[in-house]
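S.K.: Sharing a model prediction with you, sequence too.
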Amino acid sequence: TDGGTIKEGYNLNKPLSAVAVTGKGNIPAEYSLVSSSTDAFAVDTVKKGEYCDDIIVRGYECKNSKANVTLDFGFDVKKAYLCDLMENELSPLELAGGSVTIPLMKRTGYKPEFAAAAEASASTGGQIMPPIMGAAAFLMAEFIGVNYSAIVLRAILPAVLYFAGIFMSVHLEAKKLGLTGIPKELLPQFRQLMKRSFLLLPLIILVLLISTNSMTIQKSAVLAIGCTLIVGLINKENRINPRKIFEALAAGAQSSISVAAACGVAGMIAGCITMTGLASMLKAAVLAAAGGNVLLALIMTMLCCIVLGMGVPTTANYCIMASTCAPILVAMGIPTLAAHMFVFYFGIVADLTPPVALAAYAGAAIAQANPMKTALTATKLAIGAFIVPYVFALNPAMLFINTDGVAEIILICITSFVGIFGVSAALEGYFLTNMSWYERLISAAGGLLLIYPGVTTDVIGLGLVAVALVIQFIKKKSHKKASPLAA
């Protein structure tokens, strides 16, 4: 392009060669149409082979996650969150366990809309949780040109805040409804969990080899596949045999087709956008409309990401966002990693955001709930994914960028968790008892200030959250005194 004007004269060979072989359009050559197929097959054979998935995920986390959660309010939903987080960390398929967890939550006493929204938000969140991040972590490391371990380290706090907000909302909803936990005698012993910990060995090896740059992705995946076969021989409950080996290879090949096609099509889209000048036109339009206002540029970029990310698989989602939306934020002076994380987050939560909200609609179908109410509830539960990206884009300290040592990192973590609690309590409208509108406003404002790194914001935010908690304690105490009189 020349000044935003599209040049004419491209023949068919040039764009096809650029997109399919060289990876033009800001898409690395490793993730063009040809190469993406081999990477997708290698990693997905480990991640999503039917037998491998059974012994790595269902054989460990979902069968034993009860031992990982304390006995308290909303226990079943929290257990379901752990299962969904771990399973969707490996698989880009959302609501993989919804047919099990949603009926479980409904039997516990949660409303159908809340059960479906909880499943949708947890499943979607699995795509932003390190170390796998739905394979986007590998793409991001190659795209930005940094070490994979650096991506994983900086993505931890935002992802943990996302799930912390969900856990707090689930807990407060359970307290509001008066739901109780599972009886202690139904919980498995911790020793039973540890006896099956060897089932995680293939995943641990895969992550270690890639994060330390010991081997390429393909070689690491092959070694992890071999380790999976060894683990299968040890696993007495589901011992491997020749038939299961062929079934696993077939399932891995079948699942890799969708990922390879998604990477290839994403490369075509991104390449065409770049070669035709649409990316530069979008960038110029947003920058002109923002007029140097970073917050306004972030809002418009968020809207672009939500629209472009609706219904798109994780890997393709990131490729599209990185080539079209991330350059806008980089041009505004936001650090490259923070810009890519921002667009990735909002591309992912597009599946929770009305009016499309595919993940929420799928959950609503299982729960037989109202789709729009489910989508709105899922958006409320996933509020961390809408707040945190703005924070680390405006202040990259949340991604541990430009921090002044361990003490500042610890302070950021503590204040962020207190802040996400304040926001969750405000959205639920409940802590010790029902919150009035002004209590919710105080709690939300304090929480937002605490999430934003900075001494001044932390002090003001902590004071506001403390005021909201004091009011709750006073109201709770007055209700207890009034109860005997009423009786």
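M.R.: Happy to help now that I have it. Every value quoted in this text rests on a predicted model; they were computed, and no experiment measured them.

S.K.: Which stretches in the stretch 351-487 of the chain count as helices?
M.R.: 358-367, 371-381, 383-394, 406-428, 437-451, 455-486 (DSSP state H, counting those that start in this stretch).

S.K.: wait, the stretch 51-200 of the chain
M.R.: Using DSSP H, counting those that start in this stretch, the helices found in the stretch 51-200 of the chain span residues 62-64, 75-90, 98-108, 112-125, 136-144, 148-177, 190-195.

S.K.: and the ones you listed, which is most packed in?
M.R.: Highest mean neighbour count among the helices of the stretch 51-200 of the chain (mean count of other C-beta atoms under 10 Å): helix 112-125, with a mean of 30. Using the backbone N, CA and C atoms, a C-beta is placed for each residue, glycine as well.

S.K.: what angle do that one and helix 98-108 make?
M.R.: Between helix 112-125 and helix 98-108, the angle comes out at 140 degrees (axes from the mean of the first three to the mean of the last three C-alpha atoms, to 10 degrees).

S.K.: still on that earlier bit, so which of the helices of the stretch 51-200 of the chain comes closest to residue 235?
M.R.: Closest of the helices of the stretch 51-200 of the chain to residue 235 is helix 190-195, at 11.0 Å (criterion: C-beta to C-beta).

S.K.: now that closest one: mean pLDDT?
M.R.: On average, the pLDDT along helix 190-195 is 73.

S.K.: Which positions in whatever helix or strand comes next after it come out as buried?
M.R.: Sequence-wise, the next helix or strand downstream of helix 190-195 (DSSP states H and E) is helix 201-211. If you call a residue buried by 16 or more other C-beta atoms under 10 Å, then helix 201-211 has these buried ones: 201-203, 205-207, 209-211.

S.K.: Need these in a markdown table (columns: distance to residue 281 and pLDDT).
M.R.: Converted to a markdown table, the buried residues of helix 201-211 look like this (distance: C-beta to C-beta, whole Å; pLDDT from 0 to 100):
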| residue | distance to residue 281 | pLDDT |
| --- | --- | --- |
| 201 | 49 | 84 |
| 202 | 45 | 82 |
| 203 | 42 | 77 |
| 205 | 45 | 84 |
| 206 | 40 | 79 |
| 207 | 39 | 75 |
| 209 | 41 | 81 |
| 210 | 36 | 72 |
| 211 | 38 | 68 |
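
S.K.: which one of those is nearest residue 364?
M.R.: residue 203 (31.2 Å).

S.K.: before we move on, back to that, now the helices of the stretch 351-487 of the chain as JSON lines including mean pLDDT and distance to residue 280?
M.R.: As requested, those are exported to JSON lines (pLDDT from 0 to 100; distance: least, C-beta to C-beta, whole Å):
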{"stretch": "helix 358-367", "mean pLDDT": "83", "distance to residue 280": "30"}
{"stretch": "helix 371-381", "mean pLDDT": "89", "distance to residue 280": "32"}
{"stretch": "helix 383-394", "mean pLDDT": "89", "distance to residue 280": "21"}
{"stretch": "helix 406-428", "mean pLDDT": "88", "distance to residue 280": "36"}
{"stretch": "helix 437-451", "mean pLDDT": "92", "distance to residue 280": "34"}
{"stretch": "helix 455-486", "mean pLDDT": "84", "distance to residue 280": "36"}
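
S.K.: can you list those helices in JSON lines and add distance to residue 116 and mean neighbour count?
M.R.: Conversion of those to JSON lines gives the following (distance: least, C-beta to C-beta, whole Å; neighbours: other C-beta atoms under 10 Å):
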{"stretch": "helix 358-367", "distance to residue 116": "3", "mean neighbour count": "24"}
{"stretch": "helix 371-381", "distance to residue 116": "4", "mean neighbour count": "23"}
{"stretch": "helix 383-394", "distance to residue 116": "17", "mean neighbour count": "23"}
{"stretch": "helix 406-428", "distance to residue 116": "17", "mean neighbour count": "20"}
{"stretch": "helix 437-451", "distance to residue 116": "24", "mean neighbour count": "21"}
{"stretch": "helix 455-486", "distance to residue 116": "29", "mean neighbour count": "14"}
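
S.K.: Is it possible to get those out as CSV so that each row also shows distance to residue 337?
M.R.: Shown next, in CSV, are these (distance: least, C-beta to C-beta, whole Å):
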stretch, distance to residue 337
helix 358-367, 26
helix 371-381, 26
helix 383-394, 9
helix 406-428, 16
helix 437-451, 19
helix 455-486, 22
